[in-house]
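A.B. asks: Sequence first, predicted coordinates after that:
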Amino acid sequence: MIGLVMSMIRARPGQAVTAFVLGMLAMAAAVSAPVYITTADRAVVASEVEAAPVNELVVQARRETKAGDRSFEDLAPKVFVFPGFSTVFSAETNTYVQSPVAGADPVAPRFVYRDGACEHVRIVEGRCFISQSEIILSKPTLDQLKIKVGAVLDVDWSTFDAEGQEWIPLGKPTAMSVIGAYEPIDATDQYWADFGYFDDRPSARRVTAPILANRLTLESIERMTERQALDVVIDHAAITGESLVAVNAAVESGRAQLAGLSGSPTVKADLPHLLARIERDRSLVAQVVPVGAVPLVLLCWFVLFVAVASATAERRRELGLMSLRGVTFPRRWWLAAGESIVPILLGAAAGFVLGHYLVRLAAWLLLSASGDVPLTEGANLWAVIALGGALGAAVLAQRAELAKKTIDLLRNVPSRLSRWGAPVFEVAVVVLAVVAVLQLREGDSGLTGFAVFGPSLVVIAFGLLAARGVLPLAERNGRRALRRGRIGPTLAAYAMARRPGSQRILALFVVAIALACFAATAATASDDNRDLRIRVELGADRVLTVEPVSRTELLSKVRELDPAGDFAMAAAMLPRSEDTAVPRVLGVDSERLAKVALWNDTGLTAAEAAALLRPDVPSESIVLDNKDVTLDVTVNNLADAFRVRFIAVVIPLDGSAAGEVDFGAPQLGRHTYIRNLPMCVNRCRLAALRIRQPEDRGFDATITLHSMAQRGETITDFSDPEQWRVPETPGPKLIVPDLRSADGGLRMEVTGYKGADVAYTLMPTDAPSPMPVVMGRAAGMGDFMAGFDGARIAARTVGEVGQAPRMGSQGGLVDLDYAERLSSGGADTITPQVWLNEKAPADILERIEVLGLKIMKDQRIRPLRAALDEQGPAVALRFHELAAGLAVLLAGGALWLVAGLDRQRRRGELRALRAQGVGRRDASANGYLALVGTAAVIGPFAAMSCWLLVREHLPVFTDDPGTFPVPIWPSPLPVAIGWLAAVLILAGVALLAGARLRAATRQR
């Protein structure tokens, strides 16, 4: 029997090859899912580890102890013994170094011993330390001390004097030789942990890098205490999907042992945060990949069913003859099944290997990091189920023909679809789809359990119902064409309506095109969502966070950097309000908002938002210089004002610190108060006029301001009360003065304070009040917000957007200049930033440094966007694209097989039609392109139904903030490209199959 089966295979090699290829693709598709999960698992672990901050990859133990205590130093390194872990012990003390060169200021550097320090610094002059009393300094420190390599320095132990805010020497100096100058190879390397040895910010130490030396040199310093530390540096390669549990156990065990050592060191290990993110990534990969894998495997079975059923139908005459000659049913079954099952089994073996290498190729193209997955990885339940399902589909496909009577088989007339079998199957699929949908919609576990079959069953149900619905339509079109005498369309329509193979192929096409459209939709919607999130969270193409500076300095220097406002904008966070219900607010230079910020709202444009944020104001700012300022004031009444002072608050326009000018104690009656403004060499803005009593203690006062003058010219006569304002009243405890016009000036009055605090402050109305705010729709701004000086100021929402730059849906934007004018203080900003667009020059960092702004962080949209692309959900969704490609190839292969069998069967029919005078084109009409066209129309609707079902449950981010829901309608162009690619591939196969069928009609 085996020999006979092999003879049958040799007699029909085309069918055998096609079954082999389909079996190979089916197994490759099934194996690809678990292999891709393993590959993606490795990729997300590697990307998370690569992007992890230093503190998550270093276990840090710290303690301060008496000098000479080495118990911690001796025991701590023995606690962590694990592959990929390396321990770095360090000890340091504070020192005071006086230069031997006259005129050089002393410095107070940290004196540090650290294991392996010479391997992590670059010696730019001299050599690294070897013996006791040898030290190396940074090149800037050498320059500051005005010494060269080879100099001898006296190093003292030091302590910080909190009252004098300076370091002072203690103990006896120790002579040490400077034998080298160094610079760190990478100051951000894990090796340096979180010590911040290389901090460029000015401090009382007057240096920005430590002294490095060996342990004995540190021991030689006469000191009372020292700080000791153990850093356990975890190598990136030590953390893999297989080692996560062991690494976590080793860290937890080591942390517990370190905490129990003498001196009770503090131990910090943030590795669990990294491991938790990795586990979320891995679980999301395992959740998302099956959504694409399940329909692919089901499609493979369906393709094999169609292929074997079509091949068996073409051998009906052979089966009838075997039955007629008395061949028993088991032997007939083996002869019928063997010709298909043997190539399928051989193809499955080849597909097992192909699946691994196909995933390797996809990983190389789609993933940033992966590794070769061993062949044994695919030998799991997926492969067993796939093979069992393939064989089951092959056996089931032959059941209908083997069960027929001998006379029906010998007639060799293609049978119509079963009267009840096919409808029952279709109803079962629809019912299962409904059950899966209900579980998915009503449950709270997402795409798990039977719900994971929901998308697959919805698509398959669409395909089957579409094939069922095409029957009457094709029949009707065939009759209409026949009445009109159009032979070709008649034959094509009847082929679609009356041949079961055509209807199955249509269902197959619908499923394949739907999977392609779904994969494109899911990928595009997720890409759009990641784009939106990164645009919102960053705010601009590039954001530079600088060292804290005053708001005025930030504004003036950014405007100096870009006078035309083409590529740079200043931004700074306002303080958080004491009322936690008040949303966070970001101050921006709104005149540049439209050109620089990444705007994400179509209802309100950036230009419209900028106009709303910066309306016209009653008056411009009052600008003063450093000459004498005179105030003409009448004090009508003072009560309980024992130590009050008349103060003017001015803010220099050059960005230097705000100043307060004391005009002295107010005197009853009309007087002129004169003071010089020394801090206003480069001009100042008048922020406020105050009468202040220590501790803001209350008092009653009535004063009338007549005029302010400088250089003999009147700056203001206080005649218009609309040009002045007082602070907002935040509650019953604080009282502000009443304003009104009186005696040709402006009268301020507080009466009956009754022990309450008094904010006796007058400010120009050079900013709008209430403050206009553009808010995210979900933020819910009230009537007040916190100003830069912490004071409560009135706010008014003038516009709403879905997502405000940097603030998202939970915050808002104000004009930075106006917010600064509403502030009566000049403190440094919170998180000062320079936003840049793509037009920023290549040397922008150098230009900013020249202006005196120190860059602390440089964030760009592309690297941050790339990091989101390496998270688990994004990596898992790429499998859907791979699965869609395989699905289209399987559908094309099934069509090629069916067309080949159809060509063999119809060759005689077509030649007979040709002999009757029917044209070759009409005689070979087959309807293949009509099948593709019908599926091309129905497939997108099936994909959209599936997408609407899954959309809410499809994760996009590992750390989902909950403020970026997946869009219902993604960008149409990528989806159209995916649809068009699938249709063109299937149409190409249909055209080739039709060409081969026409070739069969040629007379020999």
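C.D. replies: Noted; the coordinates are in hand.

A.B. asks: Please identify the pairing partners of the top strand by length along the chain and their relative orientation?
C.D. replies: Longest strand of the chain, by residue count under DSSP state E: strand 166-184. Applying DSSP bridges, strand 166-184 is found paired with strand 121-126 (antiparallel), strand 134-138 (parallel), strand 152-161 (antiparallel).

A.B. asks: tell me how far that strand is from the chain's mean position?
C.D. replies: Centroid separation between strand 166-184 and its chain, computed with Cα atoms, centre = their mean, to the nearest Å, is 46 Å.

A.B. asks: same check, this time on stretch 584-601
C.D. replies: Distance, centroid of stretch 584-601 to centroid of chain: 21 Å (Cα atoms, centre = their mean).

A.B. asks: Start at 7, not 1
C.D. replies: Noted, 7 is the first residue going forward, which turns the last one into stretch 590-607.

A.B. asks: Report the buried residues of it.
C.D. replies: Neighbour counts over stretch 590-607 (16 or more other Cβ atoms under 10 Å) mark 590-607 as buried. Where C-beta positions appear, they are placed from N, C-alpha and C, glycine not excepted.

A.B. asks: Can you list the neighbours in contact with stretch 186-197?
C.D. replies: Applying Cβ atoms under 8 Å, 6 or more residues apart in numbering, the contact partners of stretch 186-197 are 60, 63-64, 94, 122, 126-135, 142-145, 148, 155, 198, 203-204, 215, 218, 237, 239-240.

A.B. asks: Now the terminal residues of that stretch, how far apart.
C.D. replies: 21 Å (Cα to Cα, to the nearest Å).

A.B. asks: what's the answer for stretch 546-560, then?
C.D. replies: 17 Å.

A.B. asks: Check the average confidence over it, would you?
C.D. replies: For stretch 546-560, mean pLDDT is 89.

A.B. asks: which residue is nearest the centroid of the protein?
C.D. replies: Geometric centre of the chain, nearest residue: residue 874, 3.4 Å, by Cα atoms, centre = their mean.

A.B. asks: what helix or strand is that residue on?
C.D. replies: helix 867-875 (DSSP states H and E).

A.B. asks: Now do the buried residues in that helix.
C.D. replies: Those would be 867, 870, 871, 873, 874, 875, for helix 867-875 by 16+ other Cβ under 10 Å.

A.B. asks: what distance separates the very next helix or strand once past the longest strand of the chain from the centre of its chain?
C.D. replies: Toward the C-terminus, strand 172-190 is succeeded by strand 217-219 as the next helix or strand (DSSP H and E). Computed by Cα atoms, centre = their mean, the chain-centroid distance of strand 217-219 equals 41 Å.

A.B. asks: Give me the contact list for strand 217-219.
C.D. replies: 101, 103, 115-120, 123, 127, 135, 140-143, 147, 161, 182, 188.

A.B. asks: for the stretch 57-206 of the chain, which spans come out with low pLDDT?
C.D. replies: For the stretch 57-206 of the chain, no stretch has pLDDT under 70.

A.B. asks: Please render the buried residues of helix 867-875 as TSV that adds pLDDT to the earlier fields.
C.D. replies: Listed next are those as TSV, based on pLDDT from 0 to 100:
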residue	pLDDT
867	91
870	87
871	87
873	84
874	85
875	85
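
A.B. asks: now, the most widely separated pair of the residues you listed?
C.D. replies: 867 and 875 (12.4 Å; Cβ to Cβ).

A.B. asks: which one is residue 805 nearest to, not counting chain neighbours?
C.D. replies: residue 780 (4.4 Å; Cβ to Cβ, 6 or more residues apart in numbering).

A.B. asks: Got the phi and psi for the one you found?
C.D. replies: Backbone torsions of residue 780, given as degrees, to the nearest 10, read phi -100, psi 120.

A.B. asks: and if you look at residue 195?
C.D. replies: Residue 195 adopts backbone torsions of phi -60, psi 150, taken as degrees, to the nearest 10.

A.B. asks: gap between it and residue 37?
C.D. replies: Residue 195 is 41 Å from residue 37, where distance means Cβ to Cβ, to the nearest Å.

A.B. asks: Show the subsequent helix or strand relative to the least confident helix or strand in the chain by mean pLDDT.
C.D. replies: When the helices and strands of the chain are compared on mean pLDDT, DSSP states H and E, helix 926-929 comes out lowest with a mean of 54. For helix 926-929, the following helix or strand on the C-terminal side (DSSP H and E) is helix 934-956.

A.B. asks: Point out the other helices and strands that that following helix packs with.
C.D. replies: helix 427-448, helix 460-489, helix 493-504, helix 506-544, helix 878-921, helix 978-1005 (3 or more Cβ pairs under 8 Å, 6 or more residues apart in numbering; DSSP states H and E).

A.B. asks: Comparing these, which stretch has the densest surroundings?
C.D. replies: Most buried of these, by mean neighbour count (mean count of other Cβ atoms under 10 Å): helix 506-544, with a mean of 25.

A.B. asks: Give me the angle between that one and helix 978-1005.
C.D. replies: Calculated by axes from the mean of the first three to the mean of the last three Cα atoms, to 10 degrees, helix 506-544 forms an angle of 160 degrees with helix 978-1005.
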